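Novice: return atomic coordinates for the entry below.
(3 chains)
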Amino acid sequence: MKRPKTQDERDLLLYESRLLRPVRLKTPEFERGGRIRHVIFSGQFSVPFLEELAGIADMIRLMSKSREGQDFLINLLPHKRAMLYFTQPSTRTFLSFMAACQVLGITCNEVRDPSTSSETKGETRFDSIRMFSSYFDVIIMRSPIARLAESCAYLMNDLDSTGNRSVPIVNAGSGADEHPTQALLDIYTLQRSFQFASPKDSPTANKFDELRERKGYAGLTKGLPHKTIGFCGDIGRGRTVRSLAMLLALYEGVRLVFVAPNHPKLAMRDDLRHRLLDRKVCFHEVESFEDTLDGRPVIEQLDALYMTRIQKEHNDPADAASMASIDFSRYGLTPELVGRMKEYAPILHPFPRDQHFGEIPPEIDNDPRAMYFRQARNGMWIRAALLAHVFDADRLISRHFMTDYVERHNYND
Amino acid sequence: MKRPKTQDERDLLLYESRLLRPVRLKTPEFERGGRIRHVIFSGQFSVPFLEELAGIADMIRLMSKSREGQDFLINLLPHKRAMLYFTQPSTRTFLSFMAACQVLGITCNEVRDPSTSSETKGETRFDSIRMFSSYFDVIIMRSPIARLAESCAYLMNDLDSTGNRSVPIVNAGSGADEHPTQALLDIYTLQRSFQFASPKDSPTANKFDELRERKGYAGLTKGLPHKTIGFCGDIGRGRTVRSLAMLLALYEGVRLVFVAPNHPKLAMRDDLRHRLLDRKVCFHEVESFEDTLDGRPVIEQLDALYMTRIQKEHNDPADAASMASIDFSRYGLTPELVGRMKEYAPILHPFPRDQHFGEIPPEIDNDPRAMYFRQARNGMWIRAALLAHVFDADRLISRHFMTDYVERHNYND
Amino acid sequence: MKRPKTQDERDLLLYESRLLRPVRLKTPEFERGGRIRHVIFSGQFSVPFLEELAGIADMIRLMSKSREGQDFLINLLPHKRAMLYFTQPSTRTFLSFMAACQVLGITCNEVRDPSTSSETKGETRFDSIRMFSSYFDVIIMRSPIARLAESCAYLMNDLDSTGNRSVPIVNAGSGADEHPTQALLDIYTLQRSFQFASPKDSPTANKFDELRERKGYAGLTKGLPHKTIGFCGDIGRGRTVRSLAMLLALYEGVRLVFVAPNHPKLAMRDDLRHRLLDRKVCFHEVESFEDTLDGRPVIEQLDALYMTRIQKEHNDPADAASMASIDFSRYGLTPELVGRMKEYAPILHPFPRDQHFGEIPPEIDNDPRAMYFRQARNGMWIRAALLAHVFDADRLISRHFMTDYVERHNYND
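Specialist: Sure, this is the predicted structure:
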């Protein structure tokens, strides 16, 4: 790194040595009392944590169906004030966090202008963050600067250790590297699909036994282990792909298939490849849904399919030439392709989808395998569960659910 | 219509055949269980509905005078989250809806940027709307695109019929055609003026008998029927004029007088003319307040006057030439003109007024006939009443008002 | 003043004669029932008021430490809706007011665009303000136009006297002249520092007796009277300096030292000089911390130091030449300078600080004298206290604190 010239650069440099350590050393530093305090990267999540959080999200979702449950929820954290600091625009993630806060009664505040007035007056990012921490109780931040959220978490830890006010940091997307809550909602959507429990979550809920016995899916199991998950589109620049792939790697026997053009911007990058190899995850890289896997076309072998948008806005002029020969139509779904997919295989997409590229044409929206709209709503529930965890309100939710709610509603699941 | 090229155009085309049907066929489709669910055009409102809603607005207004009443109201809908999706700027309508939501405890969220980040990523409008419906419980929308709100209401109906999540749509102004809640607040203001009940609503409250017996207004009645209502200014481009005129047409014996320059952009357009003729409404078109009606100058004959702003921002270069000869001073009020109006005749204006054009100079603000500031506050109350109706909370309001509130306050009206 | 051409100019002119009267004549007009209703300039504050408000702020701060106290506070004013009308950008003041409102349960709304859509339609500022007063219960406003807030307060008084709706105006910074709530938080921070009561507020809390007896500060007293307060940096253009200096002038025996370059833009201006002379306040103007005061360098003589940012954004091209010879390094702190300051002397800064100019380098942040981050949080508490005062909720806070809270927590201070 070149010699820092501004205080902003010096601030980031200050934490660089901490940032460069292995994830396993950093994970405990973002916890407090055995609970996650700062949500920075998806490497912080373990399978038991993912399952616990999904359970809380399920309870919040069910309680939200009754006025009594809603009243309980909005009275959980009305004394908390959140700052949504989004210097990189994102309507969807922003609104999803807003709604998640509101489900729990948290009051929201926002700074979305990439250049706040204070920055134009020469304020450092750390001074801005510390200002937010003076007024608010959690900072949910999205930034184009890689690892800014992580540095801010360390700033908060340092303030804490010197007896100053310090609040949790939640990373809502930082640079090209991490978007941990997107990975959370993707995993939560897959978990619910493979429970085969509710028609709202799975194309074939309640048909699990039939699927195994009569439809030729004899090896089908519930849950994520041993599933084959496909990713299609912009693998190289998709941070959601990277984060989700690393979370899936936590589950036993999961196999990943990446369907992308053979182009350095779009195909899998070395960092993800090496991380998957390190974890001994089984994965395949192909250029088309028609390439074979175990002797059959990939599209017919997938237990779930994760589509992505080609991020043209990140192309540079040279890319236009080098991408000219790619047949992009191979990276879009069609009703015909969907018709060949497994009957129970959910289709996900982090959204927005691109109407001009058409990676998922709207004709598919009514197919029971299309999970992408539910995925959005799942984002709200799992983010609410995460905030409840951060503020230690998850136990109040379980207790209320287990006693009052279950009794009142005679709920059996 | 030319062949659609984008998915956005295909989406609008999909609903076009439904949109083109007569209003009376569409009205029931925007209801559910006999109540209005989507508020799209003023043609949905009947006289009994307008009266019922005015009654709810009156109760909300009265309850808001006491802390006990306010507490009841803000605890009605705190579990509801509204999206105010305003891609056409409007400070006044926007803030009025915000305040109306807050009166009932509804939490507000907003997207106001004409190009949301998702749209720049190629998202269709329908995908954006469906995203909003994933996170929020009502979408209040204002758009420069004619009939977008109506198409969104049909989208929601279709989602509902396929078992998907669906929320009410409230049209806060779409294109040049409809602004139904402005019409609601205008009617509500007129209704209150002609009740002659409160000095806050009428220039001559409590003097009704005196007016009839001694002031020469022998034919004066309470209520809207048989009144002569004047509209002055930009009749051609004023969608508030169009909506209000159509609502007034529902009342027996109402007579409308349009005072506007004889210019194709500014004078009444054929569509409104035909609709009024179809309904057999009595109306007159004149070029000046001094033109005669029943043998006397128009200004002296009006029971109410609705002023409007000349929407210069919609002029094109050719208009400058064709409007050069118009004497615009004839379309502004003066204290002298107001002095000749009937003593009880309220003056309305949808605001903002134009300080440079001066259609209502501030000298008139203290005249008891000036109702335009109260009109703004009425907008908040009637919008709150409308949201209470949409969320089925209006009956709770009546019940509370009739029992607890009336008893406690010994309220007699 | 030249002849007004627009209605906006006429509106301001209308109040000019009232604005030009002495402060002591205007102060009672901004009160109602012996309480401040409109908060316009720091000249409205007396020492007893400042002490009363600090007491309320202290109670709010303490109550916010428990869920029970927070619940009491957020249920104080949930029926109130605030409009934050900030046409001059300011992230910090804006967020501080937002948080202050939320502490008391007040719902916030905002208009921040310097040109609202209504203004582009020709609306006057007064019509905009009156619209806000139709929907909201307090207007907190920041504007680049000098004395706009004061004019709006008179508009509200006039509305009140004609039986119209009228709401309190809170000045959050108007033009170059006044920023009364910044002065409030500065005074509150100084008050707390010189109580020597809590380590959160003072570099040397609980060491007061030791300081007097053994550290050579024999004359040290508690409280603000007889303190020497230094101001450094952009004295000429710092409205926070001007407001704070005038408030300090209320305390007996206070001495002020202004450290600034000898340049007409940066040095003290005649208006402040004359006001301090009128009040017979003892003050000194020097060009360096090394200039002497009572025979010793200024930096060693200060009981408190208020640093400011050089407001380069207000330089015009001619200033570049005339400021070229100034040694600006003399107007920044260094650890060495801080080391020479009195052990108990708090360092304040209205923030943001300028990372490029470096008037306070971050090495100083961990010095116990650095109070500037606490100052920010104090801003939230004192603004909450001020809003409680405006809405007459301060007595409810004292009563609850004195009975329920003190008992429950066995609080002794």
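Novice: the helix ranked longest in chain A near chain B anywhere?
Specialist: Identified as the longest helix of chain A according to DSSP state H is helix A:372-390. Yes: Helix A:372-390 lies within reach of chain B by C-beta under 8 Å from any C-beta of the partner chain, at A:Phe373, A:Ala376, A:Arg377, A:Met380. C-beta here means a position set from N, CA and C on the backbone, and glycine is covered the same way.
Novice: most neighbours, which of these?
Specialist: Neighbour counts for the residues of helix A:372-390 next to chain B (other C-beta atoms under 10 Å in any protein chain shown) peak at A:Met380, which has 27 neighbours.
Novice: picking up where we left off before, what is the longest helix of chain A packed up against?
Specialist: Applying 3 or more C-beta pairs under 8 Å, 6 or more residues apart in numbering or on different chains; DSSP states H and E, we find helix A:372-390 packed against strand A:35-36, helix A:47-63, helix A:91-103, strand A:169-174, helix A:180-193, strand A:347-348, helix A:394-400, helix B:125-135.
Novice: which secondary structure elements does the fourth one contact?
Specialist: What that stands for is strand A:169-174. For strand A:169-174, the packing partners by 3+ C-beta pairs under 8 Å, 6+ apart come out as helix A:91-103, strand A:138-143, helix A:148-161, helix A:180-193, helix A:372-390.
Novice: pLDDT on the third one, on average?
Specialist: The average pLDDT within helix A:148-161 is 96.
Novice: equivalent analysis for the second one, please.
Specialist: Mean pLDDT, computed over strand A:138-143, is 96.
Novice: where does the stretch 101-250 of chain A have low pLDDT?
Specialist: For the stretch 101-250 of chain A, the stretches with pLDDT under 70 are A:114-120.
Novice: what does it have sitting close to chain C?
Specialist: Counting by C-beta under 8 Å from any C-beta, the stretch 101-250 of chain A sits next to chain C at A:107, A:109, A:111, A:116-118, A:120-124, A:126-128, A:130-132, A:134-136, A:162, A:164-165.
Novice: got a PyMOL select line for the buried ones in those?
Specialist: Applied in PyMOL, the following selects the buried portion of those according to 16 or more other C-beta atoms under 10 Å in any protein chain shown:
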select buried, chain A and resi 107+109+111+116+117+118+121+122+123+124+126+127+128+130+131+132+134+135+136+164+165
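Novice: just give me the residue right at the centre of chain A.
Specialist: Residue closest to the average C-alpha location in chain A (C-alpha atoms, centre = their mean): A:Gln182, at 1.5 Å.
Novice: could you pull out the buried residues of the longest helix of chain A?
Specialist: Across helix A:372-390, burial judged by 16+ other C-beta under 10 Å covers A:372-390.
Novice: cool, and stretch A:308-316?
Specialist: A:Thr308, A:Arg309, A:Ile310, A:Gln311.
Novice: just put these in TSV and tack on pLDDT and secondary structure.
Specialist: Putting the buried residues of stretch A:308-316 into TSV (pLDDT from 0 to 100; DSSP: H, G, I helix; E, B strand; the rest coil) gives the following:
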residue	pLDDT	secondary structure
A:Thr308	96	coil
A:Arg309	94	coil
A:Ile310	93	coil
A:Gln311	90	coil
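Novice: check those residues against chain B, which are close?
Specialist: Counting by C-beta under 8 Å from any C-beta, A:Arg309 from these sit close to chain B.
Novice: between the buried residues of stretch A:308-316, which is nearest chain C?
Specialist: A:Gln311 (30.2 Å; C-beta to the nearest C-beta).
Novice: residues contacting that closest one?
Specialist: A:Asp234, A:Arg237, A:Gly238 (C-beta atoms under 8 Å, 6 or more residues apart in numbering or on different chains).
Novice: for the stretch 201-350 of chain A, what lies in contact range of chain B?
Specialist: Taking C-beta under 8 Å from any C-beta, the part of the stretch 201-350 of chain A that reaches chain B is made up of A:Arg309, A:Glu313.
Novice: which residues in the stretch 201-350 of chain A form strands?
Specialist: With DSSP state E, counting those that start in this stretch as the criterion, the stretch 201-350 of chain A has strands at A:228-232, A:255-259, A:282-286, A:292-293, A:296-297, A:304-307, A:347-348.
Novice: A:Val170: which of these is closest?
Specialist: strand A:347-348 (22.3 Å; C-beta to C-beta).
Novice: for C:Asp394, see how far away the residue nearest to A:Thr292 when sequence neighbours are not counted is.
Specialist: Spatial nearest neighbour of A:Thr292, excluding adjacent residues (C-beta to C-beta, 6 or more residues apart in numbering or on different chains): A:Val298 at 7.1 Å. A:Val298 is 69 Å from C:Asp394, where distance means C-beta to C-beta, to the nearest Å.
Novice: who are the contact partners of A:Met371?
Specialist: A:Met371 touches A:Thr189, A:Ser193, A:Asp201, A:Pro346, A:Ile347, A:Leu348, counting by C-beta under 8 Å, 6+ apart.
Novice: let's see that with 7 Å instead.
Specialist: A:Thr189, A:Ser193, A:Pro346, A:Ile347, A:Leu348 (C-beta atoms under 7 Å, 6 or more residues apart in numbering or on different chains).
Novice: and the closest residue to A:Met246 other than its chain neighbours, how far from chain C?
Specialist: In space, A:Met246 comes closest to A:Ser42 once its chain neighbours are excluded; the distance is 5.8 Å by C-beta to C-beta, 6+ apart. Separation of A:Ser42 from chain C (C-beta to the nearest C-beta, to the nearest Å): 30 Å.
Novice: so A:Ser42 touches A:Leu248, yeah?
Specialist: No: applying C-beta atoms under 7 Å, one finds A:Ser42 not in contact with A:Leu248, separated by 10.4 Å.
Novice: which parts of chain A belong to which domain?
Specialist: As given by automatic domain parsing, the domain ranges for chain A are A:7-179+A:379-390, A:202-370.
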